[in-house]
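>>> Generate a structure from the sequence data that follows.
(one chain, ligands or ions: 2)
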Amino acid sequence: MQTKKRLPTSRRQPEPKPWDDWRWQFRNRRRTADEIAETLDLGRKERLALGEVVKTYRSAATPYYFSLMDAGDPLDPIRRQCVPDTREITSEGGVEDPLEERAHSPVPGLVHRFRDRCLVVVTNRCAVYCRHCNRKRLWHEREKTLTPHELTAMAGYIEKRPAIREVILSGGDPLTLSDGRLEGILARLQAIEHVEVLRIGSRMPVVLPMRITERLCGILRRYRPLWFLTQFNHPREITTEAAAACGRLLEAGIPVLNQSVLLKGINDDFRIMRQLLYGLERICVKPYYLFQCEPVKGADHFRVDIWDGMRMMEKLWKTTSGLCLPRYVADMPGTQGKVPLQPVSFL
Ligand SMILES: *Cc1c(COP(=O)(O)O)cnc(C)c1O
Ligand code: SF4
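Ligands and ions are numbered 1, 2, ... in the order given. Model prediction:
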């Protein structure tokens, strides 16, 4: 019907699509052995085995990350990163805290191994629990986030140490916190006079790219210089959604770097690794580190022989652009830090 006056319109928003809503993805994480078994169509025996692992090492994966896997293939690189494996509880190797982080934690949640920078664990919660995680020991406690009291204690410690010029927000995944809480932490840390640079380590661009909203980027850009470190481990993780998430960060003026973990049967093949590195270069995410998998209890079956890793790196170095090349390192216990693993022919 035509009227002379413009009719008022309702303020009703179009229905948000749950798939694109990070909170929906987070709430609908597959967590229990039954949920995983159902999604993967596993039999009773496999479901029981999964249940046993989950009792020791919890499990969660977003519907988004699950959708990237070939569910029928037990060797699928996405599946192996997020679906529990009985070797996590049967394999003998590894220790809970190979980097001796606990011994270098002067206040709860703060790890200070190197003089000029420190790391704050803001939560032990993640969108996806990577089976190869080197902080699996934190999963024995229920999911929790930093309390205001803990933040005050951390900030107090940093304030008294002018040598600390860089603070890394880590976890767990810091981006499981709400925008508001995250901003509160960033603001508190940036307010410290000698803190020059902030860093966030998060796997969200890979496992829940919807979390990188325009709103979040709008907040993060106010805390620059801020560096964003993520963890792509396989070329199939570089999806349209993941590329767009990194693009939003880059457009907000936040450099995005990648730290992969060298994982047996997942990315320890030269061609796969090269595909990953080329893919990262294409989306302007600079490969920073390739970590030798630590001897972590519950993740020992992912470890690759160091010499095989070095041979792969040598081939990469000879055939790819410098922009693609990460530094292959082993993180050593305590204050020794990340040690480059370079074959002699590199020198
Ligand atoms: C890895 C790590 C850092 C950062 O080291 P970079 O080599 O600067 O990336 C800082 N603190 C702790 C405790 C770490 O484990
Ligand atoms: S996102 Fe990081 S902290 Fe969380 S499980 Fe994966 S590797 Fe561990």
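>>> Hmm, residue 228 is touching residue 255, no?
Yes: at 6.8 Å, residue 228 counts as touching residue 255 under the criterion of Cβ atoms under 8 Å. Backbone N, C-alpha and C define where each C-beta goes, glycine included.
>>> In terms of packing, which of the two has more residues around it?
residue 228 (25 against 16; other Cβ atoms under 10 Å).
>>> I'd assumed that one was in a helix, is it?
No: checked against DSSP: H, G, I helix; E, B strand; the rest coil, residue 228 lies outside a helix; its state is strand.
>>> ok now do residue 242, which residues does it touch?
Going by Cβ atoms under 8 Å, 6 or more residues apart in numbering, residue 242 touches 205, 206, 209, 232, 283.
>>> Doesn't it belong to a strand?
No: checked against three-state DSSP, residue 242 lies outside a strand; its state is helix.
>>> Distance of it relative to ligand 2?
Distance from residue 242 to ligand 2, counting by Cβ to the nearest ligand atom, to the nearest Å: 14 Å.
>>> Tell me which residues touch the closest residue to that residue other than its chain neighbours, please.
The shortest distance from residue 242 to any non-neighbouring residue, by Cβ to Cβ, 6 or more residues apart in numbering, is to residue 209 (4.8 Å). Residue 209 makes contacts with 64, 239, 241, 242, 244, 245, as judged by Cβ under 8 Å, 6+ apart.
>>> Now the two most distant members of those residues.
Farthest pair in these (Cβ to Cβ) is 64 and 244. Separation: 12.6 Å.
>>> quick one, domains of the protein?
According to automatic domain parsing, the chain comprises the domains 16-90, 102-346.
>>> Using CSV, lay out the ones you listed together with distance to ligand 1.
Shown next, in CSV, are the domains of the chain (distance: least, Cβ to the nearest ligand atom, whole Å):
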stretch, distance to ligand 1
domain 16-90, 21
domain 102-346, 4
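>>> out of these, which comes closest to residue 96?
domain 102-346 (4.3 Å).
>>> just how off-centre is that closest one within its chain?
For domain 102-346, the separation from the chain centroid amounts to 6 Å (computed by Cα atoms, centre = their mean, to the nearest Å).
>>> So what touches stretch 72-92?
In contact with stretch 72-92 (Cβ under 8 Å, 6+ apart) are residues 33, 36, 40-41, 49-50, 52-54, 56-57, 59, 61, 65-66, 68-71, 128-132, 233-234, 236-237, 263, 265-267, 272, 298-301.
>>> Restrict those to the buried ones and give me that as a ChimeraX selection.
Buried members of the contacts of stretch 72-92, defined by 16 or more other Cβ atoms under 10 Å, are picked up in ChimeraX with:
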select :33,36,40,49,50,53,54,57,59,61,65,66,68,69,128,129,130,131,132,233,234,236,237,263,266,267,272,298,299,300,301
